[in-house]
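Undergrad: build me a model:
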Amino acid sequence: MPTPDLSHLTESDYDQVYEPAEDSFLLLDALEQELPHLRSLNPTLAVEVGGGSGIISTALSLQLPHTYFIVTDVNKTACRAIQATALHNNTNLEVLNTRTLNHLSERLKTSVDILLCNPPYVATEQSEAGHEDISAAWAGGDLGMNVTREIIDSLTDVLSECGVAYIVLEQCNKPEKVLEYIRQL
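TA: This is a model prediction of the structure:
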């Protein structure tokens, strides 16, 4: 799966928007491996929470051209970057400036075929989390799980019958406990 062209984004953009790094590329690699399965779902709706530069949804939308993509981000500058990345790569995404899936629960109820999230997963003091600037891309609060918990708790409400979710975790998030929690939903 080709990596979208991000040459339109500048150093100044990356002062305010998360610059794709190893976690972004690991998620792209995982999605590339999952592409045959994702195509077999015949997805009509994909949602990415925290789209940042737009690299993930842009890449996947180019591979799933009949899927409608909604991308959210709490950072207004990131929303502009997501839209610019989609346009620069000749695809279309609906971009919404909101925290996680706020105000979308009725619209998305049991209709999301693919949910994507590379959340702010760095463990930080609670006071560092929940902002709307660049820190929203990395400051994850207690165990780095603030946004991740919120997303996981919404899965049973928003995923379609065959829906799948791809959520990036790292060791401080205690992935084994996260899996345990998901299994209990």
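Undergrad: wasn't Ala136 part of a strand?
TA: No - read with DSSP: H, G, I helix; E, B strand; the rest coil, Ala136 is helix and lies in no strand.
Undergrad: longest strand anywhere in this protein?
TA: For the chain, the longest strand by residue count, based on DSSP state E, is strand 159-167.
Undergrad: run the chain-centre distance for that one.
TA: Counting by C-alpha atoms, centre = their mean, to the nearest Å, strand 159-167 is centred 13 Å from the centre of its parent chain.
Undergrad: which residues sit against it?
TA: Outside strand 159-167, the residues that touch it by C-beta atoms under 8 Å, 6 or more residues apart in numbering are 27, 30-31, 34, 37-38, 41, 45, 110-119, 148, 151-152, 155. Heads up, the C-betas are built off the backbone N, CA and C, glycines and all.
Undergrad: equivalent analysis for stretch 118-126, please.
TA: Stretch 118-126 is contacted from outside by 23-24, 27, 49-50, 52, 56, 129, 135-148, 151, 167-170, 172-173, using C-beta under 8 Å, 6+ apart.
Undergrad: just the buried residues of that stretch, please?
TA: By 16 or more other C-beta atoms under 10 Å, the buried positions in stretch 118-126 come out as 118-124.
Undergrad: ditto for stretch 4-13
TA: 4, 6, 9, 13.
Undergrad: just stretch 173-185 next, same as before
TA: Judged by neighbour count (16+ other C-beta under 10 Å), stretch 173-185 contains these buried residues: 173, 178.
Undergrad: mean confidence score for it?
TA: Regarding stretch 173-185, the rounded mean pLDDT is 92.
Undergrad: before we move on, what about stretch 35-44?
TA: 98.
Undergrad: just the CA trace of it, in CSV.
TA: This file holds the C-alpha atoms of stretch 35-44, laid out as CSV (Å, rounded to 0.1, in the frame of the first residue of the first chain):
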residue,chain,number,x,y,z
LEU,A,35,-6.2,-5.3,3.1
PRO,A,36,-7.6,-8.6,1.6
HIS,A,37,-9.7,-9.1,4.8
LEU,A,38,-10.8,-5.4,4.7
ARG,A,39,-11.8,-5.6,1.1
SER,A,40,-13.8,-8.8,1.8
LEU,A,41,-15.9,-6.9,4.3
ASN,A,42,-17.2,-4.6,1.4
PRO,A,43,-17.0,-1.7,3.9
THR,A,44,-19.3,1.2,3.3
